[in-house]
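Student: coordinates only, sequence not included:
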């Protein structure tokens with residue numbers, strides 16, 4: 001039996017290469033791989049992936065038989081009917097039966113055909129007689145009855161007679177073209193797995209969009225039920241549309257519609273007035289009472305964003321408190337006033353600039369500049385613009401990359417925590433590389449779970465003497481094998497994408513001019529990269545500017561005091 005191994009790898013590509021070399025191309029049938037922590041260790045300024053490799057049989061033993069039973073709950077147990085019971089059923093139900101049910105309001109009549117065991121279908125005349133016996137005489141659908149007999153539709157209620165409603169005779173109504181609360185609740189069937197954080201969807205309107213219309217009152221004519229009795233109409237009432245006009249909306253010229261004056265979130269207030277918010281505001285923490293947010297405008301959270309909630313905004317995102325293990329993406333800028341505790345799980349993507357008080361174990365991708373007020377610790381940050389850390393100005397642990405300049409007071413730490421700072425990087429290359437690494441980690445975890453479960457199935461099959469149970473186990477194992485193939489294809493595709501990506505790396509002219517500025521101290525253990533040139537710092541040094549010598553293609557280090565800070569913007 002394989003001894004438990006705990007190992008560290010630079011990335012998922014290196015892990016897969018090791019597994020194939022050590023255990024062969026079908027390593028997933030021999031070992032169970034548990035990817036434990038992506039940032040448990042840092043080497044040469046890069047986060048290391050912590051992995052636990054164990055024997056597949058041992059991993060399978062940790063799965064209880066109860067787990068397997070739960071997976072097969074949906075299987076239907078077979079049963080047998082004895083001959084005596086069958087003869088009795090044959091005698092009682094030899095001829096077909098027709099049951100007519102009329103709705104409680106008398107407006108619809110349904111037919112259900114119960115097939116006979118000897119003669120399956122009734123004749124059309126037999127059906128019409130059953131209809132007549134129930135006094136149904138109006139709106140009979142003879143073509144539907146004929147079709148049901150021809151197609152032998154049984155055990156299913158079929159609408160075979162329908163009355164006529166009075167023509168729309170009702171009060172004038174206000175028809176809202178948005179959810180009154182400003183939030184849509186997604187429909188969920190009983191078989192769906194409920195994600196409470198994704199239950200809600202924020203409504204959004206454009207400027208000059210119609211938000212509500214008046215449905216005029218209408219006097220209708222009488223209708224009839226299936227028994228031929230009249231259904232009388234009612235006298236309608238009118239409404240005044242001016243009573244529903246609130247903030248950022250106006251009445252149309254004809255007075256029959258309410259139109260938005262601005263783009264934002266439409267909502268109906270308690271006084272029944274229609275309003276539009278230009279900013280979606282959460283007055284407190286983002287919790288399950290609000291759920292995930294997908295809004296085309298600006299989102300403002302006045303508290304914290306914890307748990308695993310997701311925010312997607314068409315403009316900016318502002319968080320007054322702290323962001324935890326959340327996913328945030330904004331087409332505009334992102335501001336986190338309280339800082340980010342990502343716990344190596346969250347992800348923040350800003351398509352413009354990003355600003356926060358601090359970053360701790362966070363993943364941040366910014367298509368603009370990154371500005372941090374205090375420190376960046378054990379985080380992964382990628383910026384398409386400049387990256388500046390003010391205040392304490394510390395960058396300690398993890399990996400920080402910018403297409404432009406990187407400016408900080410201190411890089412590294414007294415304890416020589418490996419820290420990698422890069423300037424002049426290819427932003428798209430770095431962003432795509434990060435995405436592939438994250439996806440590879442996810443699919444590796446899925447592959448481990450499936451392989452262990454398949455192994456547990458075979459162990460159970462070996463010990464089982466129940467033929468019925470073996471059949472169920474084999475069917476479920478076959479399903480798992482198909483799922484395993486899909487996951488392996490995903491890993492193969494991602495690995496190929498990684499190779500193509502690395503081969504496509506190009507260096508732009510602007511990136512060559514990027515610099516790394518250390519205002520106070522750069523500690524031993526720090527790695528400095530500009531474009532694709534890297535140097536390691538083996539002793540503590542004072543204020544320094546690192547730049548790329550484009551002639552000799554090497555990194556130069558000069559005293560920070562001799563530089564004009566204004567030149568960094570050149």
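Tutor: Yes, it's here. Small disclaimer: the values here were computed from a predicted structure and weren't measured.
Student: Sketch out the low-pLDDT regions of this protein for me.
Tutor: The chain contains residues with pLDDT under 70 at 1-3, 24, 26, 29, 37-47, 56-57, 59-93, 188-199, 503-511, 561-570.
Student: That one - how does it break down into domains?
Tutor: 5-64+431-503, 308-427+510-569 (automatic domain parsing).
Student: Could you dump those domains into a markdown table and include mean neighbour count?
Tutor: C-beta: built from backbone N, CA, C; applies to glycine. Listed next are the domains of the chain as a markdown table, based on neighbours: other Cβ atoms under 10 Å:
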| stretch | mean neighbour count |
| --- | --- |
| domain 5-64+431-503 | 16 |
| domain 308-427+510-569 | 20 |
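Student: Buried residues of stretch 234-245, list them for me.
Tutor: Using 16 or more other Cβ atoms under 10 Å as the test for burial, stretch 234-245 gives 236, 241, 244.
Student: before we move on, what about stretch 122-138?
Tutor: Per 16+ other Cβ under 10 Å, stretch 122-138 contains these buried residues: 122, 126, 127, 128, 130, 131, 134, 136, 138.
Student: Which ones among those map onto helices?
Tutor: 126, 127, 128, 130, 131 (DSSP state H).
Student: Who are the contact partners of the second one?
Tutor: Residue 127 makes contact with 98, 111, 113, 145, 149, 160, according to Cβ atoms under 8 Å, 6 or more residues apart in numbering.
Student: which one among the ones in helices among the buried residues of stretch 122-138 gets closest to residue 54?
Tutor: residue 127 (67.2 Å; Cβ to Cβ).
Student: Skip the chain neighbours and tell me the closest residue to residue 156.
Tutor: residue 112 (6.8 Å; Cβ to Cβ, 6 or more residues apart in numbering).
Student: And for that neighbour, the neighbour number?
Tutor: Residues lying near residue 112 (other Cβ atoms under 10 Å) number 17.
Student: For it, name its beta-bridge partners.
Tutor: Beta bridges link residue 112 to residue 99, judged by DSSP bridges.
Student: Going along the chain, name the helices of the stretch 101-250 of the chain.
Tutor: Ranges of helices in the stretch 101-250 of the chain, per DSSP state H, counting those that start in this stretch, are 124-133, 142-150.
Student: Name only those of the contacts of residue 127 that count as buried.
Tutor: Looks like these have 98, 111, 113, 145, 160 buried, using 16+ other Cβ under 10 Å.
Student: what's the next secondary structure element after the helix or strand hosting residue 280?
Tutor: Using DSSP states H and E, residue 280 maps to strand 279-282. Reading on from strand 279-282 to the C-terminus, the next helix or strand found by DSSP H and E is strand 293-295.
Student: List the contacts of the following helix or strand past that following strand.
Tutor: Using DSSP H and E, the helix or strand that follows strand 293-295 towards the C-terminus is strand 298-301. Contact partners of strand 298-301, identified using Cβ under 8 Å, 6+ apart, comprise 278-282, 285-286, 293, 311, 313, 315-321, 330, 332.
Student: hmm, 6 Å instead?
Tutor: Residues from elsewhere that reach strand 298-301, judged by Cβ atoms under 6 Å, 6 or more residues apart in numbering: 279-282, 286, 293, 311, 313, 315-319.
Student: And the furthest pair within those residues?
Tutor: Taking Cβ to Cβ as the measure, the contacts of strand 298-301 span a maximum distance of 17.3 Å, between 286 and 315.
Student: Mind putting the buried residues of stretch 234-245 into TSV with distance to residue 466?
Tutor: Converted to TSV, those look like this (distance: Cβ to Cβ, whole Å):
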residue	distance to residue 466
236	69
241	70
244	67
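Student: wait, what's in contact with residue 227?
Tutor: With contacts defined as Cβ under 6 Å, 6+ apart, residue 227 is in contact with 106, 135.
Student: rewinding a little: for residue 103, state which of the buried residues of stretch 234-245 is nearest.
Tutor: Nearest member of these to residue 103, counting by Cβ to Cβ, is residue 236, at 25.3 Å.
Student: what's the neighbour count on the closest residue to the closest one other than its chain neighbours?
Tutor: Nearest non-adjacent residue to residue 236, counting by Cβ to Cβ, 6+ apart: residue 217, 3.2 Å away. When neighbours are defined as other Cβ under 10 Å, residue 217 has 16 of them.
Student: OK, contacts around residue 217?
Tutor: 171, 172, 236, 238.
Student: Over to residue 136?
Tutor: The contact partners of residue 136, by Cβ under 6 Å, 6+ apart, come to 109, 161, 226.
Student: How many residues are close by the last one?
Tutor: Neighbour count of residue 226, defined by other Cβ under 10 Å: 26.
Student: quick revisit: now flag whichever of the contacts of residue 127 is closest to residue 465.
Tutor: residue 113 (44.9 Å).
Student: still on that earlier bit, I'd like to know which of the contacts of residue 127 is nearest to residue 20.
Tutor: Nearest to residue 20 among these, with distances taken as Cβ to Cβ, is residue 113, at 61.6 Å.
Student: which residue packs closest to the closest one, ignoring adjacent ones?
Tutor: Spatially, and ignoring its direct neighbours in sequence, residue 113 is nearest to residue 154 (4.7 Å; Cβ to Cβ, 6+ apart).
Student: Does the one you found touch residue 115 like I think?
Tutor: Yes. Here residue 154 reaches residue 115: they are 4.7 Å apart, a contact under Cβ atoms under 6 Å.
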